[in-house]
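# could you work out the structure for the sequence below:
(one chain, ligands or ions: 1)
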Amino acid sequence: MSLMAAKGRQASSGAGERYKHLFEGDGGSSQPMLHRLGEEIQGFNTQRLLPIALPHDVRAESCQHLNRILADSQILYALYKKHHWLMRGLTFYQLHLLLDKHAEEQLALIDLVAERVQTLGGVAVGDPRHVAEITTIPRPPDGVEEVVAMLSRLLEAHEIIIAKTRDAIELTGRSGDAGTNDLLTSDVLRRNEL
Ligand SMILES: [Fe+2]
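Here you go, the predicted model:
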């Protein structure tokens, strides 16, 4: 049955009224929603007013610091995966497994930090191209480095995150953002130090 025939048949029956929307427009409600571009409804570096009893400026400042740590953590996660894949040498297997474990740990932190930004009413940095603009962790070569260079690159990336985390812990301690302060101390700092 053609669509036109189906349309006529459905429209003429009682049950047809219920399903009429399926035959209207470009396929009705069963059509996947593609190419529906909309306006940005919240800008990056802006805050929604969520009722968590923290002033706007405190939340804005916390989000800025969290997003820097979030960007670095996403880069560190990607570095761990890159080096997990490219690992070689006599200790290949142990390091291959170890780096994947550390990648998973960063992935867990990334989620915690991103969701803290959202809890504060901000916008978590997510797109890798945006992440690349924010991070200060040096970009590795696209090819393969020696194993010791891979490992030292990872250690240095951790130290960059640790330094930013300590600054943010101090700031959130002063500003009264105890939730962020606790997350940064108990989760981000301790895990990265380890
Ligand atoms: Fe793997």
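# C-alpha only now, for contacts and for neighbours.
OK.
# so where's this protein uncertain?
Low-confidence segments of the chain, defined by pLDDT under 70: 1-28.
# beyond the helix or strand containing Leu151, next helix or strand please.
Assigned by DSSP states H and E, Leu151 belongs to helix 147-175. Next helix or strand after helix 147-175 toward the C-terminus (DSSP H and E): helix 178-182.
# that following helix: how far from the chain's middle?
Between the centre of helix 178-182 and the centre of its chain there are 19 Å (CA atoms, centre = their mean, to the nearest Å).
# how about that helix: buried residues?
Buried positions in helix 178-182, judged by neighbour count with 16 or more other CA atoms under 10 Å: 180-181.
# with stretch 54-69 instead?
In terms of neighbour count (16+ other CA under 10 Å), stretch 54-69 has its buried residues at 56, 58-69.
# have a look at the protein and report its longest helix.
helix 56-86 (DSSP state H).
# what is whichever helix or strand comes after that one packed up against?
Moving toward the C-terminus from helix 56-86, the next helix or strand (DSSP H and E) is helix 92-119. Here helix 92-119 touches helix 56-86, going by 3 or more CA pairs under 8 Å, 6 or more residues apart in numbering; DSSP states H and E.
# got the angle for the helix holding Leu151 vs helix 92-119?
Put simply, helix 147-175 runs at 20 degrees to helix 92-119, going by axes from the mean of the first three to the mean of the last three CA atoms, to 10 degrees.
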